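Student: All I have is the shape, not the residue letters:
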């Protein structure tokens with residue numbers, strides 16, 4: 001999904017608007033960034049071995065560039081398919097212009113960013129000087145993650161599933177947010193040992209979530225719950241992931257090891273004990289070959305992950321019930337088969353136990369059966385649960401039968 005396309009924004013009060021920067025202002029901002037980089041390098045004991053470009057940009061320039069990158073990374077076909085899939089799953093309204101709304105959502109809270117493709121720091125000229133340095137620290141740490149710790153491919157949708165990208169984004173943004181908190185603590189002459197307390201980081205993650213959901217950001221506030229959660233996920237859950245590792249005896253200096261062995265699923269990010277024990281998701285596969293769907297185009301065809309299904313259920317269930325229903329997830333595959341205006345979304349999931357599968361089946365049945373306009377067909381098979389969604393009942397029935405017939409699971 002869109003949240004992991006580029007490493008960008010951080011919470012900031014964007015209401016004060018600075019006047020156009022003069023050359024002296026630009027020199028001052030660049031100098032501030034160089035000082036921030038030196039502090040971050042010292043804080044995390046890692047120097048940049050190659051210089052990065054730094055450019056002071058207007059808000060219009062940064063937003064234009066983000067929109068360009070969005071089009072380059074995603075493309076209209078994938079964006080359209082994801083819109084159809086999410087509408088079938090009930091994650092966004094039927095009348096939403098998904099591409100336009102996502103563009104607004106991505107740019108509303110932007111406060112400068114590090115472009116990992118061009119390896120350039122974009123400094124926002126309109127951000128008040130009083131809060132520029134922590135934002136710079138966050139984005140400059142992204143440069144360290146990419147240049148020194150090999151994170152440049154972590155968000156590549158051609159290499160990784162959506163679930164893996166969510167997990168990687170959680171590591172990248174969670175760790176960068178930790179740097180922001182530590183940098184701010186130093187500015188206030190607070191000891192880093194206080195900031196690195198697990199309970200303090202948990203509280204900071206909760207506070208961050210509330211700030212991103214505040215009325216200062218009307219587009220985010222108006223977004224469907226799934227899109228809100230997707231935007232917040234890497235920052236909030238990523239920081240909590242690190243907090244839980246600290247609680248289990250890790251040190252901040254140990255975090256660099258995560259870049260050689262990053263979390264492989266949103267399940268691992270949300271349940272760090274599963275990262276520690278290397279609970280690897282099972283591989284789930286089914287095909288459309290040999291059926292009437294052979295002529296349909298296939299989109300997605302990848303693993304969505306525990307986070308996706310938890311948030312899907314949370315749109316109607318109490319959060320604790322959605323969390324419980326999604327726990328026990330062990331792997332999945334979701335596809336959209338499309339031919340002209342005919343669409344069917346098919347999902348196959350596997351769970352740790354048959355009880356886990358039953359809990360999800362009941363919750364998913366209640367969720368989909370309460371909706372109108374979309375036909376739902378689901379079936380549990382031991383630890384597996386499969387379902388199909390379409391506005392055409394015969395398509396849902398045939399797609400479910402095809403997935404059941406060709407289902408293969410490589411349990412891990």
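Tutor: Nice, I can see it. From a predicted model like this one, the values you see are computed outputs, not experimental measurements. Residues are numbered from 1 along each chain as shown.
Student: Let me know the pLDDT of the residue nearest the centre of the chain.
Tutor: The centroid of the chain falls nearest to residue 166 when counting by Cα atoms, centre = their mean (4.1 Å). For residue 166, the pLDDT comes out at 96.
Student: mind listing what's buried in the helix or strand hosting residue 204?
Tutor: Assigning secondary structure by DSSP states H and E places residue 204 in helix 198-212. Buried residues in helix 198-212, defined by neighbour count with 16 or more other Cβ atoms under 10 Å: 198, 201-202, 204-205, 208-209, 212. C-beta here means a position set from N, CA and C on the backbone, and glycine is covered the same way.
Student: If I look at residue 43, what pLDDT would I see?
Tutor: Here, the pLDDT recorded for residue 43 equals 95.
Student: Check the spacing between it and residue 144 real quick.
Tutor: 10 Å (Cβ to Cβ, to the nearest Å).
Student: same check, this time on residue 238
Tutor: 16 Å.
Student: next one: residue 180
Tutor: Residue 180 sits 13 Å away from residue 144, going by Cβ to Cβ.
Student: With residue 327 instead?
Tutor: With Cβ to Cβ as the criterion, residue 327 and residue 144 are 34 Å apart.
Student: between those two, which one's more packed in?
Tutor: Set side by side, residue 327 and residue 144 show more neighbours around residue 144, with 25 against 17, by other Cβ atoms under 10 Å.
Student: Check which residues of the one helix or strand that one maps to are buried.
Tutor: Assigned by DSSP H and E, residue 144 falls within helix 129-147. Judged by neighbour count using 16+ other Cβ under 10 Å, the buried positions of helix 129-147 are 131-147.
Student: Quick check: buried residues in stretch 210-228?
Tutor: Buried-residue list, stretch 210-228, by 16+ other Cβ under 10 Å: 212-213, 216-217, 220, 223-224, 226-228.
Student: care to break the chain down by domain?
Tutor: As assigned by automatic domain parsing, the chain contains the domains 2-276, 283-410.
Student: Of these, which shows the lowest average pLDDT?
Tutor: Among these, domain 2-276 carries the lowest mean pLDDT, a mean of 86.
Student: Can you verify my assumption that residue 116 contacts residue 149?
Tutor: No: proximity of residue 116 to residue 149 does not meet the contact threshold set by Cβ atoms under 8 Å, at 11.8 Å.
Student: how close does residue 135 sit to residue 363?
Tutor: Using Cβ to Cβ, one gets 40 Å for the distance from residue 135 to residue 363.
Student: how about the strands in the stretch 51-200 of the chain?
Tutor: According to DSSP state E, counting those that start in this stretch, the stretch 51-200 of the chain carries its strands in the segments 53-57, 113-115, 120-124.
Student: Next, the angle strand 120-124 makes with the first one.
Tutor: In this case it means strand 53-57. For strand 53-57 against strand 120-124, the angle by axes from the mean of the first three to the mean of the last three Cα atoms, to 10 degrees is 30 degrees.
Student: list the helices and strands strand 53-57 packs on?
Tutor: Strand 53-57 sits against helix 23-43, strand 120-124, with contacts defined as 3 or more Cβ pairs under 8 Å, 6 or more residues apart in numbering; DSSP states H and E.
Student: In terms of secondary structure, what does the longest helix seen in the chain contact?
Tutor: Assignment by DSSP state H gives helix 162-187 as the longest helix of the chain. When contacts are defined as 3+ Cβ pairs under 8 Å, 6+ apart, helix 162-187 packs onto helix 23-43, helix 129-147, helix 192-195, helix 198-212, helix 225-247, helix 266-270, strand 297-302, helix 306-314.
Student: Mind listing what's buried along it?
Tutor: 162-186.
Student: same question, stretch 102-116
Tutor: Using 16+ other Cβ under 10 Å as the test for burial, stretch 102-116 gives 102-103, 105-116.
Student: wait, which of these is closest to residue 395?
Tutor: residue 102 (26.8 Å; Cβ to Cβ).
Student: which SS state does residue 376 fall under?
Tutor: Here residue 376 takes the strand state, with states given by DSSP: H, G, I helix; E, B strand; the rest coil.
Student: so how many other residues sit close to the spatially closest residue to it that is not a sequence neighbour?
Tutor: Of all residues not flanking residue 376 in the chain, residue 368 sits nearest, at 3.8 Å (Cβ to Cβ, 6 or more residues apart in numbering). Counted with other Cβ under 10 Å, the neighbours of residue 368 add up to 20.
Student: and the closest residue to residue 159 other than its chain neighbours, how far is that from residue 118?
Tutor: Nearest in space to residue 159, with sequence neighbours left out and distances taken as Cβ to Cβ, 6+ apart, is residue 153 at 6.0 Å. Taking Cβ to Cβ as the measure, residue 153 falls 15 Å from residue 118.
Student: Can you pull the phi and psi angles for residue 338?
Tutor: According to degrees, to the nearest 10, the main-chain angles of residue 338 amount to phi -140, psi 130.
Student: right, and it touches residue 85 too?
Tutor: No: Residue 338 lies out of contact with residue 85 (Cβ under 8 Å); the separation is 9.3 Å.
Student: what residues are shared contacts of these two?
Tutor: residue 299 (Cβ atoms under 8 Å, 6 or more residues apart in numbering).
Student: hmm, back to that, is it possible to export the buried residues of stretch 210-228 to JSON lines including distance to residue 381?
Tutor: Below are those laid out as JSON lines (distance: Cβ to Cβ, whole Å):
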{"residue": "212", "distance to residue 381": "40"}
{"residue": "213", "distance to residue 381": "39"}
{"residue": "216", "distance to residue 381": "48"}
{"residue": "217", "distance to residue 381": "43"}
{"residue": "220", "distance to residue 381": "39"}
{"residue": "223", "distance to residue 381": "35"}
{"residue": "224", "distance to residue 381": "31"}
{"residue": "226", "distance to residue 381": "27"}
{"residue": "227", "distance to residue 381": "32"}
{"residue": "228", "distance to residue 381": "34"}
